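# Sequence first, predicted coordinates after that:
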Amino acid sequence: MAKTLLVSPSYFIFFAFLIFSSATTPVFGEEYSYVKSVNPQKMKIPKEKVSLFKLYWQDVVSGSNATSVTVIEALNNSSPYFGMVNIIDNSLTVEPNLSSKTVGKAQGFYASTGQEDSSLLMVMNFAFTDGKYNGSTFTVVGRNNVNAEVREMPIIGGSGLFRFARGYALASTYSFNDNGDATIEYNCYVIHY
C-alpha cells in the first residue's frame, strides 16, 4: 500500500526559489556585457604623489550671505543639536581671514549625529576653482567630533587631478564666534596621480 507524503506548500516554494535563484547566480569571475577587466598598464596612470593642502573652511551660518543653511532642525533643544542637518557651500581660503584668497568651495552637508556629544557626519567635496586644480575635487566623508582639538576624516575619492584620490584630513578649529560662524583649519594629505 502506498503511503502519502504530506509536504507543506512552503516546502515547494523554498525548493523552487533554490532552483531558480541558482540558475541566475553568477559564477565567480563571470564577466557581464557591461563590465570588462582593464589592464592598468594600458591606462598610462602616472606615479602617485602625496600633496598637503592647508585650507581654511569658512562656515558662515549668520547674516544674509550665509554659506551654511540648516535644512532640518534639531529634534529637541538638546546641547548637541541631535538630528540637525546643514547644507554647505563654504569658501576654502588660503588664510584664516574670510576675505583672503578663495581657492575653492566645500560643498555638501553636515549632520549632528551625537546624542551625548557634539559629533557631526561630514559629507563634502572640496571643489577647487583656482590654478592647476581648477575643476578638480576630492571627497571628505567621516565623523567630526567638534570638541576634539584635532579631528581626522578620510578622503575617499575625487575627480580631475584627484581621480583615484585617497588620504585623510585633519581639522582643527581656528575660530568660532557668538553667531555660530566658524573657521576651521583643514590639513588634507591627499594621495593622487
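Perfect, I can see it now. Numbering: from 1, shown residues only.
# list the contacts for the spatially most central residue of the chain?
Central residue of the chain (Cα atoms, centre = their mean): Val141, 2.8 Å from the mean position. Going by Cβ atoms under 8 Å, 6 or more residues apart in numbering, Val141 touches Met122, Val123, Met124, Met153, Pro154, Ile156. For glycine as for every other residue, the C-beta is placed from the backbone atoms N, C-alpha and C.
# The second one: what secondary structure?
Following DSSP: H, G, I helix; E, B strand; the rest coil, the label given to Val123 is strand.
# Quick check, pLDDT for it.
We have a pLDDT of 98 for Val123.
# hmm, back to that, how close does the residue nearest to the centre of the chain sit to Asp59?
17 Å (Cβ to Cβ, to the nearest Å).
# Count the residues that sit near the residue nearest to Leu170 when sequence neighbours are not counted.
Nearest non-adjacent residue to Leu170, counting by Cβ to Cβ, 6 or more residues apart in numbering: Asn187, 4.5 Å away. Using other Cβ atoms under 10 Å, Asn187 has 14 neighbouring residues.
# what's the answer for Gly167, then?
Gly167, neighbours per other Cβ under 10 Å, totals 20.
# Would you map the strands across the chain?
For the chain, the strands defined by DSSP state E cover 49-59, 68-72, 85-93, 102-112, 119-128, 137-145, 151-159, 166-176, 182-192.
# Now tabulate these in CSV and tack on distance to Lys42.
CSV is the format used below for those (distance: least, Cβ to Cβ, whole Å):
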stretch, distance to Lys42
strand 49-59, 21
strand 68-72, 44
strand 85-93, 35
strand 102-112, 32
strand 119-128, 29
strand 137-145, 25
strand 151-159, 21
strand 166-176, 22
strand 182-192, 20
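# doesn't Asn147 make contact with Asp117?
Yes - if you go by Cβ atoms under 8 Å, Asp117 and Asn147 touch, sitting 6.7 Å apart.
# What subset of the contacts of Val141 is buried?
Met122, Val123, Met124, Met153 (16 or more other Cβ atoms under 10 Å).
# What is the nearest of those residues to Thr67?
Proximity of the buried ones among the contacts of Val141 to Thr67 (Cβ to Cβ) peaks at Met124, which lies at 11.9 Å.
# hang on, the earlier thing: look up the residues forming beta bridges with the residue nearest to the centre of the chain.
Val123 (DSSP bridges).
# Distance of the closest residue to Leu75 other than its chain neighbours relative to Ala74?
Nearest non-adjacent residue to Leu75, counting by Cβ to Cβ, 6+ apart: Gly83, 4.1 Å away. To Ala74, Gly83 is 5 Å away according to Cβ to Cβ.
# picking that back up, and the buried ones among the contacts of Val141, which is closest to Leu170?
Met153 (8.2 Å).
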